[in-house]
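Q: Mind looking at a prediction? Sequence and model below.
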Amino acid sequence: MKIPYLPLRELSARFTQADQLAFTDVHLSGRYIGGEKVSQFEYQFANFCGVKYAISTGNGLDALTIILLAEKQLGNLPENAKILLPAHTYIATFLSVIHAGMQPVPVDVTDMLLTVENLKSQIHKVDAVITVDLYGKLVDDAVYAFAKAEQKPVYCDSAQSHGAINKEGKRSGSIARASAFSFYPTKNLGALGDGGALTTMDDELATMARSIANYGRTSQFKNAVKGVNSRLDPLQAVFLLNRLPSLDADNKRRVEIAKSYYENIRHDHVVLPESAFLENNAMHVFPVFVDDRPHFQNYMEEKGIGTNVHYPLAPHHQEAFKELSDLSFPQTEYLHRTEVSLPCHPLLTDEEVIYIIECINNY
Ligand SMILES: Cc1ncc(COP(=O)(O)O)c(C=O)c1O
């Protein structure tokens, strides 16, 4: 059996006909930046997330950076603000803070995500918190309650948690003061190129973010702030409009697969994540932790099963952040040393899932 980690072409082929029609529509419209299709996607994505505003951007990194820039412009964050964030994340989270002219203050994670325990020692030293719903699992509500009690705003890097719902029924995108999404093609809601969006309930923040994303423009020839150019193409907007209605069903299938993995993978050297809260998660990535990662990945490859790593080297160990290289985050470093991502996408068949489990149990 041959099971790729993520068959992007096949996943996208489900929308070929709709995409071709949408392409023709945009092509004939003569409107290739902004316009009705972009507004339509923003409206539908905001509705889906249960928020007042979705503002599209060129990518997820920009969405997060623009949230911070807008907060600075509004006077809600100071120049050089200190931003607490999990050490265990993709480097983009760190970069957004730098690009906004602020300072990242990384802390370790518990299991895979930030918890109140991780925040306690640093919360008094920072101006705000960025949570990251890594692997599609929402950061616990207690973290938001704790930060609120400490009067620190929380922004969420939701780049991996499209569609996830918390225990109170709130969607990813509606939990933090503002949230940033990526529509990179491999995401649960992915475009056919780059794309991103930020979501918020706040009128002022939405207006400022929209202006910053568009050169700081306030009207056609007026620029009130020094903005950037970060826009979602109408072409990507129509591809996303075609995919949004399938997101819930896709996530449901991902959760089913994850449940099978949780219930059936049994191997002393293949460690499952501790927290098994799966209902309504986005399950963007199903991680297992294996000491001898190359050996395990080779074994899986021999069995015809593609795996991936999210991620092999933590941001504070990257050359780009050599100023942070003296910091030590044992749990984060363990995750980066041992993580292997198993196939977990909506096209996997039950037969394939059983085969993957059998191969792992026979490792
Ligand atoms: C956790 C996280 N944050 C931010 C990003 C940045 O998104 P993009 O690649 O769209 O800029 C990604 C995806 O790459 C991500 O996984």
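A: Looks like it came in fine.

Q: Spatially central residue in this structure, please.
A: In the chain, the C-alpha nearest the mean C-alpha coordinate belongs to residue 159, at 1.7 Å (Cα atoms, centre = their mean).

Q: Give me the phi and psi for that one.
A: Comment: the main-chain dihedrals of residue 159 come out as phi -60, psi -20, following degrees, to the nearest 10.

Q: Around residue 193, how many other residues sit close by?
A: As a burial measure, residue 193 scores 15 neighbours (other Cβ atoms under 10 Å). Any C-beta I mention is one placed from the backbone N, CA and C, and that applies to glycine too.

Q: what's near enough to touch it?
A: Neighbour list for residue 193: 185, 233, 236 [criterion: Cβ atoms under 8 Å, 6 or more residues apart in numbering].

Q: mind checking the SS state of residue 179?
A: strand (DSSP: H, G, I helix; E, B strand; the rest coil).

Q: re the thing from before, out of the contacts of residue 193, which are buried?
A: When neighbours are counted using 16 or more other Cβ atoms under 10 Å, the contacts of residue 193 contain these buried positions: 185, 233, 236.

Q: Adding distance to the ligand and secondary structure, write these out as TSV.
A: Formatted as TSV, these follow (distance: Cβ to the nearest ligand atom, whole Å; DSSP: H, G, I helix; E, B strand; the rest coil):
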residue	distance to the ligand	secondary structure
185	10	coil
233	14	coil
236	11	helix
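
Q: neighbours of residue 360, just the number please.
A: By other Cβ under 10 Å, the residues close to residue 360 number 24.

Q: correction: residue 294
A: What residue 294 shows, counting by other Cβ under 10 Å, is a neighbour count of 9.

Q: distance of it from residue 85?
A: When distance is defined by Cβ to Cβ, to the nearest Å, residue 294 is 29 Å away from residue 85.

Q: quick one, what contacts the closest residue to residue 199 other than its chain neighbours?
A: Leaving out its chain neighbours, the residue that sits closest to residue 199 by Cβ to Cβ, 6 or more residues apart in numbering is residue 173, at 4.1 Å. Neighbour list for residue 173: 49-51, 54, 156, 158, 162, 179, 181, 199 [criterion: Cβ under 8 Å, 6+ apart].

Q: So how do I select the buried members of those residues in PyMOL?
A: Per 16+ other Cβ under 10 Å, the buried members of the contacts of residue 173 correspond to this PyMOL selection:
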select buried, resi 49+50+51+54+156+158+162+179+181+199
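
Q: Narrow the contacts of residue 173 to those in helices?
A: Secondary-structure check on the contacts of residue 173 using DSSP state H: residues within helices are residue 49.

Q: Which residue does the chain have closest to the ligand?
A: Among all residues of the chain, residue 60 sits closest to the ligand, at 2.6 Å; criterion: Cβ to the nearest ligand atom.

Q: Count the residues that sit near that residue.
A: When counting by other Cβ under 10 Å, one arrives at 27 neighbours for residue 60.

Q: and what of residue 219?
A: Neighbour count of residue 219, defined by other Cβ under 10 Å: 8.

Q: Can you name the residues that contact the nearest residue to residue 320 once chain neighbours are set aside?
A: Once flanking residues are discounted, residue 320 sits nearest to residue 91: 7.1 Å by Cβ to Cβ, 6+ apart. Neighbour list for residue 91: 311, 315, 318, 320-321 [criterion: Cβ under 8 Å, 6+ apart].
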